[in-house]
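Visitor: 3D, please:
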Amino acid sequence: MLEQTTDSPSAPSSDSLSTDTPMMAFAQLQLAAPLARAVAEMGYESMTPIQAQAIPVVLTGKDVMGAAQTGTGKTAAFSLPLLHRLLKHENASTSPARHPVRALVLLPTRELADQVAQQIKLYAKYTQLRSAVVFGGMDMKPQTAELKKGVEVLVATPGRLLDHIEAKNAVLNQVEYVVLDEADRMLDIGFLPDLQRILSYLPKQRTTLLFSATFSPEIKRLASSYLQDPITIEVARSNATASTVQQHFYSVGDDDKRRALHHVLRKHQLKQAFVFVNSKLGCARLARSLEREGLKTTALHGDKSQDERLKALEAFKSGEVDLLVCTDVAARGLDIKDVPAVFNFDVPFNAEDYVHRIGRTGRAGASGLAVSFVGGKNDARLVADIEKLIKTKIELEAIEFDEDGPATGQGRINDGRRMYQDEARDDSRRAPRSSERGGLRDIAHEGQYARPARDERAPRRDYTRPPAPPKDPFFDQPYEPSIAPEVKPAWEAVPRTGARSISANIKPKRRVAFLFKAADPS
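Guide: The predicted structure is shown next:
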């Protein structure tokens with residue numbers, strides 16, 4: 001469990017907004033009629049703190065540097081005001097020249113880019129603004145065809161966007177708004193050079209919005225380089241976890257983690273959950289093991305193709321699978337409603353990833369459960385880093401297993417052979433033993449045959465080796481050649497023919513006299 005430590009709140013700076021903004025309704029924003037209609041159909045009534053503070057500022061055209069916990073509605077916080085300001089460029093023309101890229105949204109992962117693009121399409125469905133999404137792992141031809149038609153809002157990952165820029169499929173000289181969402185994650189995975197190249201293609205006069213769940217020194221340096229007098233919005237303490245998520249840390253050995261997972265699932269009657277691991281190989285192995293143990297499971301990691309990753313997400317969203325075993329590729333921004341729990345099967349190497357992992361549950365004010373399995377000295381060090389980051393005291397709890405639980409502690413994420421060997425060993429132990437030294441009892445059942453006692457068996461056969469055959473003295477004699485040494489073999493005794501038959505097409509060599517040096521008489 002966690003114990004919140006008391007920290008003295010720091011005074012907000014002059015260019016930052018207070019976090020005690022009263023709850024506002026979307027009707028008070030005075031959005032354009034098409035956007036207000038779409039928002040009402042999606043069931044949005046009251047705004048989250050990040051939306052209540054960011055939307056009015058973005059509507060004024062100022063740069064924003066926003067920090068909020070994951071799952072608090074950052075997508076709507078920048079999408080709605082951008083679409084509202086882009087309505088002045090709305091037109092029904094079919095010419096691509098009338099639909100240049102006006103807003104660029106950059107995100108770190110493919111899944112997050114696809115999710116944000118779907119949200120923007122829903123917001124803009126009653127307008128004539130066009131939007132598109134480009135990301136890696138897919139064929140460029142359909143993306144190129146969509147870009148050639150012209151789009152006002154382009155959602156992209158940095159790597160694939162640079163591919164389209166170099167292929168001259170995307171022209172960014174008329175971009176008015178740039179959004180860097182999950183900027184800390186983009187820096188973590190090495191996208192800073194790509195971001196710098198992309199931003200060099202954009203006009204100098206633009207509105208830049210930077211949103212991140214955490215504010216690191218690198219993020220602040222990026223903001224100082226590309227944002228002009230930004231308004232800082234922090235709706236929660238930096239690196240804080242959601243208060244609606246109940247967090248537990250269990251001290252469990254590596255061999256008992258799967259058994260502990262089954263125990264927690266039964267105890268809390270959980271229907272669906274994320275299960276995070278640190279490696280792609282461990283993700284695949286754990287998914288196969290849980291599938292064999294009766295749980296509907298699918299894996300999501302970076303080695304899967306984009307089509308496989310999207311199918312895994314759709315299966316989890318539709319309820320076809322119970323557990324989504326994944327790496328940190330799914331830790332950022334994925335908005336799947338009503339996921340009750342998150343399991344950290346492996347404690348994350350980066351403490352900030354813990355904040356994002358448990359942010360997959362307890363979204364939009366709902367309650368959630370976050371369970372972490374801690375085993376070994378290395379995990380204890382990682383937990384200490386998490387404790388330092390979130391400024392919360394972490395206490396490890398012991399877990400008591402059910403006796404009737406599945407025997408999953410027979411080795412770590414292996415193929416289950418040890419389990420089968422142990423079952424066979426138990427069966428042999430439960431077999432009836434004879435009370436007599438001579439052998440098994442003669443227990444006869446109707447329709448069955450019992451093993452006869454030792455004294456009733458047939459006599460054993462004598463397996464003595466047969467006598468060896470007599471030796472032939474001829475083969476013991478030493479080797480003696482049958483032909484005398486002075487006698488030549490048959491192939492040498494035959495005289496050679498005088499001339500060898502030569503093909504008419506081969507010119508014979510001409511004989512040439514040679515002059516040899518006379519021998520020295522001395």
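Visitor: Grab the nearest non-local neighbour of Pro100.
Guide: What sits nearest to Pro100 in space, not counting adjacent residues and going by C-beta to C-beta, 6 or more residues apart in numbering, is Gln174, at 4.3 Å. (Glycine included, C-beta is placed from N, CA and C.)
Visitor: Confirm for me that that neighbour is in contact with Val101.
Guide: Yes - Gln174 is in contact with Val101 according to C-beta atoms under 8 Å; the separation is 6.6 Å.
Visitor: ok, those two, which is more surrounded?
Guide: Set Gln174 next to Val101 and count neighbours by other C-beta atoms under 10 Å: Val101 wins out with 22 against 13.
Visitor: Wait, that one touches Asn169, no?
Guide: No - with the criterion set as C-beta under 8 Å, Val101 and Asn169 do not qualify as a contacting pair; they are 10.8 Å apart.
Visitor: quick one: Ala36 is in a helix?
Guide: Yes - residue assignment for Ala36, taken from DSSP: H, G, I helix; E, B strand; the rest coil, places it within a helix.
Visitor: Can you tell me how far it is from Phe249?
Guide: Taking C-beta to C-beta, to the nearest Å as the measure, Ala36 falls 45 Å from Phe249.
Visitor: what about those two, which has more around it?
Guide: When Ala36 is set against Phe249 and neighbours are counted by other C-beta under 10 Å, the residue ahead is Phe249, at 22 against 18.
Visitor: Let me see the contact set for the residue nearest in space to the middle of the chain.
Guide: Nearest to the mean C-alpha position of the chain, counting by C-alpha atoms, centre = their mean, stands His301 at 2.3 Å. Contact partners of His301, counting by C-beta atoms under 8 Å, 6 or more residues apart in numbering, are Lys280, Cys283, Ala284, Cys326, Thr327, Val329.
Visitor: One more: His268?
Guide: Residues near His268 by C-beta under 8 Å, 6+ apart: Pro340, Ala341, Leu369.
Visitor: Would you list the phi and psi of Leu313?
Guide: Dihedral angles phi and psi of Leu313 (degrees, to the nearest 10) take the values phi -70, psi -40.
Visitor: Please work out how many residues are found near Ala40.
Guide: Applying the criterion other C-beta under 10 Å, we find 12 residues in the vicinity of Ala40.
Visitor: how much space between it and Arg206?
Guide: From Ala40 over to Arg206 (counting by C-beta to C-beta), the distance is 31 Å.
Visitor: Next: Met47.
Guide: Between Met47 and Arg206 the distance, using C-beta to C-beta, works out to 25 Å.
Visitor: need the contact list for Glu320.
Guide: The neighbourhood of Glu320, defined by C-beta under 8 Å, 6+ apart, consists of Lys296.
Visitor: Just the element for it, please.
Guide: Using DSSP states H and E, Glu320 sits in no helix or strand.
Visitor: Strands along the stretch 51-200 of the chain, start to end?
Guide: Taking DSSP state E, counting those that start in this stretch to define them, one finds strands in the stretch 51-200 of the chain at 64-67, 103-106, 131-134, 153-156, 177-181.
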